[in-house]
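Colleague: for reference, the sequence and a predicted model appear below.
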Amino acid sequence: MDKNGQNRGRPPFYKTPEDLQAAIDSYFEYCDKGEQREIVTKQGEIITITEKIPPILPGLAYHLGFSDRHSLLDYKDKPEFTAAVMRARLRIEGNNLSGGMKGIYEARSNNLNLASNYGYSTKESIEHSGPGGGPIEYTDTERAARLAAILGAVKGRKAAEGG
């Protein structure tokens, strides 16, 4: 609704949290059931195997009838749907983490998924600041001790090099 109380946009895809949860459960059942495919063994035999389908956020969005994952994630902003969407995301995130740790999923694509959808990062950042984000401050005594340590290290290196 807009500020005048008028409905804008299309009506919600799911009317109740129970409807959404049932559809989410259906997706995870589909993933757990897996899909059958035929493979050829080294002996030339054709056998049928069942492979579980790894749950992913775009797959969940597609299964629920959304056109993209952002439309699904918009539902978390609706208080009555927040828990269902967040629990589904958490289940997918946990599956990605455990699958990556067990070596089930290819590392690069799994890392990309975790970084893109869940805020994980492989970057290391080091903050160079003082208390409260302010500048690093030293007393004159601390500054003199640091300078002496640096000069001592330089002299030691020169001596080791024969200079």
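Modeller: Cool, got the structure. Numbering: from 1, shown residues only.
Colleague: helices of this protein, residue ranges please.
Modeller: Assigned by DSSP state H, the helices in the chain fall at 17-33, 57-63, 69-74, 82-102, 107-118, 140-161.
Colleague: okay if I get those helices as CSV plus mean neighbour count, mean pLDDT and distance to residue 11?
Modeller: Using the backbone N, CA and C atoms, a C-beta is placed for each residue, glycine as well. Below are the helices of the chain laid out as CSV (neighbours: other CB atoms under 10 Å; pLDDT from 0 to 100; distance: least, CB to CB, whole Å):
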stretch, mean neighbour count, mean pLDDT, distance to residue 11
helix 17-33, 15, 97, 13
helix 57-63, 17, 95, 18
helix 69-74, 16, 91, 13
helix 82-102, 16, 94, 18
helix 107-118, 14, 86, 27
helix 140-161, 10, 87, 66
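Colleague: burial count for residue 56?
Modeller: Residue 56 has 16 neighbours, counted by other CB atoms under 10 Å.
Colleague: I'd say it and residue 112 touch.
Modeller: No: with contact defined as CB atoms under 8 Å, residue 56 does not count as touching residue 112 (11.4 Å).
Colleague: list the contacts for the spatially closest residue to residue 21 that is not a sequence neighbour?
Modeller: Once flanking residues are discounted, residue 21 sits nearest to residue 84: 4.8 Å by CB to CB, 6 or more residues apart in numbering. Taking CB atoms under 8 Å, 6 or more residues apart in numbering as the criterion, residue 84 is in contact with 17, 20-21, 24, 75.
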